[in-house]
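J.: Below are the sequence and a predicted model for it; my questions follow.
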Amino acid sequence: MATGLSPKLPLQITPTDGAYGLNKTYRELVKQNMKNLILTNPGERIMDPTFGVGLHGFLFELDTSITRGKIIESVQQQAKKYLPFVSVQEIFFRSVADDPSVVDQNYLGMTIRYAILPLDEVVEQNFVSISEVDE
């Protein structure tokens with residue numbers, strides 16, 4: 001029987017783990033938890049309507065410093081509440097305004113740099129619009 005810390009999402013059958021893949025390290029587990037926190041819309045999680053940053057809700061907002069500030073504030077508040085073992089250090093954005101080499105006018109990339117306190121490890125995780133690209 002395979003051992004791990006939690007099911008790896010999305011669920012899928014794997015030859016090594018069996019019925020579903022497993023997160024084997026705490027780093028993988030924290031990255032998955034951060035991804036869920038960022039992509040879950042408030043009200044979407046059963047029994048906890050305040051959970052989630054809801055990055056999708058910002059998708060059609062104007063790319064302004066106010067919108068970016070709201071995203072940063074939401075990420076910091078949510079991480080502090082739901083992932084107290086994580087310290088958000090920096091949040092970077094990348095769009096046409098920041099980088100002329102970005103071709104898509106609707107592109108907004110976000111990178112979150114955070115420390116996993118019990119592991120004394122810093123992780124950078126990338127998000128593009130509403131789908132996470134850094135596995």
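T.: Noted; the coordinates are in hand.
J.: going forward, measure contacts and count neighbours with C-alpha atoms only.
T.: Fine.
J.: So for the residue nearest the centre of the chain, what's the pLDDT?
T.: In the chain, the centroid-proximal residue (CA atoms, centre = their mean) is Lys35; its distance is 2.9 Å. Turning to Lys35, the model gives it a pLDDT of 94.
J.: and it, that's in a strand?
T.: No. Assigned with DSSP: H, G, I helix; E, B strand; the rest coil, Lys35 falls outside any strand and is helix.
J.: before we move on, what SS does Gln77 have?
T.: Assigned with three-state DSSP, Gln77 falls in the helix class.
J.: And the strands in this protein?
T.: Taking DSSP state E as the criterion, the chain carries its strands at 6-7, 22-23, 86-95, 108-116, 121-128, 131-132.
J.: Can you add mean neighbour count and give the ones you listed back as TSV?
T.: As requested, those are arranged in TSV below (neighbours: other CA atoms under 10 Å):
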stretch	mean neighbour count
strand 6-7	16
strand 22-23	20
strand 86-95	17
strand 108-116	18
strand 121-128	16
strand 131-132	16
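J.: Make a markdown table out of those strands and add distance to Glu44 and mean pLDDT.
T.: Output for these, formatted as a markdown table (distance: least, CA to CA, whole Å; pLDDT from 0 to 100):
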| stretch | distance to Glu44 | mean pLDDT |
| --- | --- | --- |
| strand 6-7 | 20 | 89 |
| strand 22-23 | 23 | 89 |
| strand 86-95 | 22 | 92 |
| strand 108-116 | 22 | 92 |
| strand 121-128 | 20 | 91 |
| strand 131-132 | 17 | 42 |
